[in-house]
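Asks: Got a sequence here, can you model it:
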Amino acid sequence: MTEIVGGGPKKILYTLNTVRRIGLANSAKALRAKNACKACGLGMGGQLGGMTNEAGEFPSVCNKSVQAQSTDVQTAIPAEFFAHSLDEMRELTAKELEHAGRLGSPVYKPAGASHFEELSWDDAMTLASDRMAATDPARAFFYSSGRSSNESGFVLQLLARLWGTNNVNNCSFYCHQATSVGLGSTIGTGTSTVELEDLNGCDLIFVFGANPASNHPRFIHKLIACRERGGEVVIVNPAKEPGLVRFSAPKSARSMMSGGTEVASHYLQPKIGGDLALLKGLIKAVLSFGAEDSSFIHENCEGWNTFRDDIQETDWEEISAESGLSQSEIERVAGVYAQSKNAVFAWGMGMTHHRFGSENVEYIANLALVRGMVGRPFAGLLPLRGHSNVQGIGTIGVKPVLAEDVFSNIERELGVTLPDSPGFDTLAALEAADQDDIDVACVVGGNLYAATPDSAWAARALDRVGLRIHLTTTLNQGHLFGVAGDLLILPVAARDEDDQSTTQESMFNFVRLSDGGIQRLPSVRSEVKILAELGQRLIPDSVIDFGRFASHEDVRQVIARTIPGMEALKDIGVAKEEFHVRGRLIHEPVFHTPSAKAQFCVRALPKVNGAKNSYPFLLATVRSEGQFNSIIYEETDSYRYGADRWTVLLSAHDFEKMQLAEGERVDLLSEHGQMLGLKVQPFDLPAGSILAYYPEANVLTDRARDPRSQTPRFKSIPVQLRSAESGRRFTPQS
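Replies: Numbering: from 1, shown residues only. Okay, here's the model as predicted:
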């Protein structure tokens, strides 16, 4: 196959074509405005300008930013579109739906109806509030994506709780909740321990289970910069992703002219699900080199002796068998770590999307603690967040259980009594719906259908919700599948269109202020105004006047008084001073555990090689270069040799041994579903490993989950591969 290099001219051309399509004036206005980037949580935009990151570096923009803008800078969907039935709309691809235009007016589909109908705003809000008023709050749930603002999220969770339910959840339960659990048990906090600036002073960066070339392109520049100053980059990923081998950085003339810059100095490819064994092996090797930081461990950690004994008792034969990597491969990388002065550990959903996701994260923390790489400058732990404000949504309380101090602060400051019954996490809310225990769902942003595992089950569960209220900018498949009940869709303003400023929190604990103020569609409303009006209508006798929460300044005053660390939010709208959340574990080893010391956690190695004989391969669902979460911008994956979304990527070793032809049609089956007639394509993977694209491959996933974080396993799924023509079943080749 032709060598693929990430980035480069094709991405510049793609960006230029996208800019041309949405218009140069619109593009410049959107990208230069003082609004936080709408894509990942890396930290671009805000008061330094739309193409400047929080460290002041310019230009900081990537094709993900442009893709997000391309969706928002659209005209309203014409009324004629809604003359088509839902069945006809279901024939559109996810990409076609995304580019059908913006929602300009509320639309409603009654139960049993085949078409949407447009409503006035007053009729839509009356329908929503009347139906909710007739519902037991315990039979409802509220959900938010990570693109909403802090102001919107706070009003959403407060509305839910004052109405009477803690069934408040968000998209992190499908991505990084295992991070929150794993870091919580080791260092006492669920957020990054590094600031963006720390990436400029480290000499080693680990990237576990992530593909930033596709999903966090701006992070690739930090990896390249580390290499260029003589540092090392270790990629840990079952798939040898071309964009992590070489990347042609568009902002670097030298990188572009040379045909790309080397990203990974070392690339480890464990078997799917073999990460914990690898992490134990790295720690075991570090200890054998005598490279542990004994003084840091003695002064700042607990549980060391038990942890050390477990590592020493875990033999190399088991580590190699479970990880798929040799002792020498692991020791080589451990030697690099042993020599480093400042190491940063970054990871994505390749680590969290397993039944043992929390344990994976704990051992990343263990690996960092062994050498004292937490709680000091230029070193630490960095979960790579997806949505641009998913961390902020958690900070301000969009979750089933509020922190004790936040709970008491809200009750005291607002003079209210909050419910104390347990609330549903995201998957539990859908399971309640499947049991006919949910009458109303209020969903802010996102695509809950596509994000949920076991697609057939997800549609069935959503079908059983009596009324779903969606606040969104565009149509997606979540508005077309699982819609047997009533469906009300309310069109909202994008971040840069809001008539008031909003705030967002990056993955580096930095709160940015977005000015808003760009008007594109006259009839859309801000999420905050919709939720505030819903609160007024639904709880008219509340001691809280929800009308005042239509003002973002008033919302921020309450957040500043009730959410520890967010005190500076009080003046941000006037002072325009962005800030790091106070009290986070960053540059001092003061851990947020009961003892104020970090905890070494000991976990047994999971057995992931025990796939049933009839399902001998292990599947990981992945995202393509041309998508963001469930949003599809391009139908093909330019970083994986042009694979389309109905391609299965198979170990090149297995591909050759099984004598498959490229493009041959195969079927992929699990115990829970099947994908028929896929094209098979070789890829650099360990034997027995398969990749297929999310969310299409969700039909193969199940509701097995990490029991501690409730994060579903979208990876290490036992599957069967067979010929679509002959039905012959394939098996991995030794």
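Asks: Poorly predicted segments of the stretch 551-700 of the chain, please.
Replies: Where the stretch 551-700 of the chain drops to pLDDT under 70, the residues are 609-612.
Asks: Can you show me the helices along it?
Replies: For the stretch 551-700 of the chain, the helices defined by DSSP state H, counting those that start in this stretch occupy 552-562, 572-575, 652-657.
Asks: most packed of the ones you listed?
Replies: For these, ranked by mean neighbour count under the definition mean count of other Cβ atoms under 10 Å, the leader is helix 552-562 at a mean of 20. Every C-beta, even on glycine, is put in place using the N, C-alpha and C of the backbone.
Asks: and for it, what are the contacting residues?
Replies: 150-151, 154-155, 396, 406, 409-410, 413-414, 500-503, 528, 548-549, 566-570, 572-573 (Cβ atoms under 8 Å, 6 or more residues apart in numbering).
Asks: one step back: any chance of the helices of the stretch 551-700 of the chain in JSON lines, plus distance to residue 143?
Replies: Written out in JSON lines, the entries for those read as follows (distance: least, Cβ to Cβ, whole Å):
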{"stretch": "helix 552-562", "distance to residue 143": "19"}
{"stretch": "helix 572-575", "distance to residue 143": "27"}
{"stretch": "helix 652-657", "distance to residue 143": "39"}
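Asks: Out of the ones you listed, which is closest to residue 266?
Replies: Among these, the nearest to residue 266 by Cβ to Cβ is helix 652-657 (20.4 Å).
Asks: next one: that closest one to chain centre, how far?
Replies: Between the centre of helix 652-657 and the centre of its chain there are 32 Å (Cα atoms, centre = their mean, to the nearest Å).
Asks: same check, this time on stretch 339-353
Replies: A distance of 16 Å separates the C-alpha centroid of stretch 339-353 from that of its chain, computed with Cα atoms, centre = their mean.
Asks: which of the residues in it are buried?
Replies: Within stretch 339-353, the residues that qualify as buried are 340, 342-353, counting by 16 or more other Cβ atoms under 10 Å.
Asks: Near the nearest residue to residue 706 once chain neighbours are set aside, how many other residues are there?
Replies: Counting by Cβ to Cβ, 6 or more residues apart in numbering, the nearest residue to residue 706 once its immediate chain neighbours are dropped is residue 357, at 4.4 Å. For residue 357, the neighbour count with other Cβ atoms under 10 Å is 32.
Asks: I'd guessed residue 357 sits against residue 714; true?
Replies: No. Because the distance of 9.9 Å does not satisfy Cβ atoms under 8 Å, residue 357 is recorded as not touching residue 714.
Asks: Check which helix or strand residue 207 maps to.
Replies: Mapping residue 207 onto the secondary structure by DSSP states H and E places it in strand 204-208.
Asks: Listing partners with orientation, what would you give for that strand?
Replies: Looking at strand 204-208 with DSSP bridges, its partner strands are strand 232-236 (parallel), strand 343-347 (parallel).
Asks: Dump those to TSV, plus mean pLDDT and distance to residue 72.
Replies: TSV is the format used below for the strands paired with strand 204-208 (pLDDT from 0 to 100; distance: least, Cβ to Cβ, whole Å):
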stretch	mean pLDDT	distance to residue 72
strand 232-236	98	33
strand 343-347	98	29
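Asks: need these in a markdown table with distance to residue 427, can you?
Replies: Formatted as a markdown table, these follow (distance: least, Cβ to Cβ, whole Å):
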| stretch | distance to residue 427 |
| --- | --- |
| strand 232-236 | 27 |
| strand 343-347 | 22 |
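Asks: Point out the one among those that comes closest to residue 79.
Replies: Shortest separation from residue 79 across the strands paired with strand 204-208 is recorded for strand 343-347, at 46.3 Å, computed as Cβ to Cβ.
Asks: What's the first helix or strand after the closest one?
Replies: Towards the C-terminus, the helix or strand next in line after strand 343-347, according to DSSP H and E, is helix 349-352.
Asks: That next one - contacts with which helices or strands?
Replies: helix 177-186, helix 357-370 (3 or more Cβ pairs under 8 Å, 6 or more residues apart in numbering; DSSP states H and E).
Asks: Of those helices, which stretch is the most buried?
Replies: Mean neighbour counts were compared across these using mean count of other Cβ under 10 Å; the top stretch is helix 357-370, at a mean of 27.
Asks: Hey, what's the angle from it to helix 177-186? Just curious.
Replies: Using axes from the mean of the first three to the mean of the last three Cα atoms, to 10 degrees, the interaxial angle of helix 357-370 with respect to helix 177-186 works out to 50 degrees.
Asks: Could I get the full set of helices for the stretch 51-200 of the chain?
Replies: Secondary structure of the stretch 51-200 of the chain (DSSP H, counting those that start in this stretch): helices located at 63-72, 86-89, 94-98, 121-133, 150-163, 177-186.
Asks: now do the stretch 401-550 of the chain
Replies: Taking DSSP H, counting those that start in this stretch as the criterion, the stretch 401-550 of the chain contains helices spanning 404-414, 426-434, 448-451, 455-463, 527-538.
Asks: What of the stretch 251-400 of the chain?
Replies: Going by DSSP H, counting those that start in this stretch, the stretch 251-400 of the chain shows helices at 253-257, 275-288, 294-300, 304-313, 316-323, 327-339, 349-352, 357-370, 390-395.
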